[in-house]
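Asks: Dropping the sequence and predicted coords here.
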Amino acid sequence: MPIQRLSVTTVVPSRRDPYKYISFTLETEAESFDDVFEKLAEDGCLKGHRIQTNEIADGTRVAVERTPHIVGLNGIAVICPVHFDYVYSQEISEDA
């Protein structure tokens with residue numbers, strides 16, 4: 001099944017800045033963005049993997065950590081497609 005790369009913003013304020021909210025990248029199995037909406041409407045939650053990325057010298061974002069996450073509808077403010085591209089570290093070593 002295809003993977004949808006999503007940007008999730010929660011209703012939880014950031015510890016560093018109470019005027020900003022916790023936001024992260026989430027990968028979930030879904031055919032399309034509409035399918036993500038249907039899953040949320042059915043279950044009230046979304047299962048996937050939170051992706052931590054770092055930017056390297058050439059500007060490429062690299063996924064450095066992938067952890068399982070379940071996001072509940074009551075904790076979500078916004079979900080949208082990710083507006084940046086990233087690669088996994090093994091993809092960089094294969095291209096070198």
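Replies: Looks like it arrived, so ask away.

Asks: Next up, identify which helix or strand Pro68 is on.
Replies: Pro68 is located in strand 61-72, with elements delineated by DSSP states H and E.

Asks: any residues touching that strand, and which ones?
Replies: 8, 10, 26-27, 44-56, 84-89, 92 (CB atoms under 8 Å, 6 or more residues apart in numbering). For the C-beta atoms, the positions are set from N, CA and C on the backbone; glycine is no exception.

Asks: are any of those buried, and which?
Replies: Among those, those classed as buried by 16 or more other CB atoms under 10 Å are 8, 10, 26-27, 46, 48-49, 51, 53, 86.

Asks: which two in those are spaced the farthest apart?
Replies: Largest separation among these by CB to CB: Thr10 and Tyr86, giving 20.1 Å.

Asks: Contact partners for Ile56?
Replies: Counting by CB under 8 Å, 6+ apart, Ile56 has contacts Val62.

Asks: Show me the buried ones among the contacts of strand 61-72 that map onto strands.
Replies: Among the buried ones among the contacts of strand 61-72, the residues falling in strands (DSSP state E) are 8, 10, 26-27, 46, 48-49, 51, 53.

Asks: Show me which of the residues you listed is closest to Val78.
Replies: Val8 (7.5 Å).

Asks: That closest one against Ile76, yeah?
Replies: Yes: using CB atoms under 8 Å, Val8 makes contact with Ile76 at a distance of 6.3 Å.

Asks: Format the buried ones among the contacts of strand 61-72 as CSV; extra columns: pLDDT and distance to Val62.
Replies: Below are these laid out as CSV (pLDDT from 0 to 100; distance: CB to CB, whole Å):
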residue, pLDDT, distance to Val62
Val8, 94, 20
Thr10, 90, 24
Leu26, 96, 17
Glu27, 96, 14
Leu46, 93, 24
Gly48, 96, 19
His49, 96, 15
Ile51, 95, 10
Thr53, 92, 6
Tyr86, 92, 6
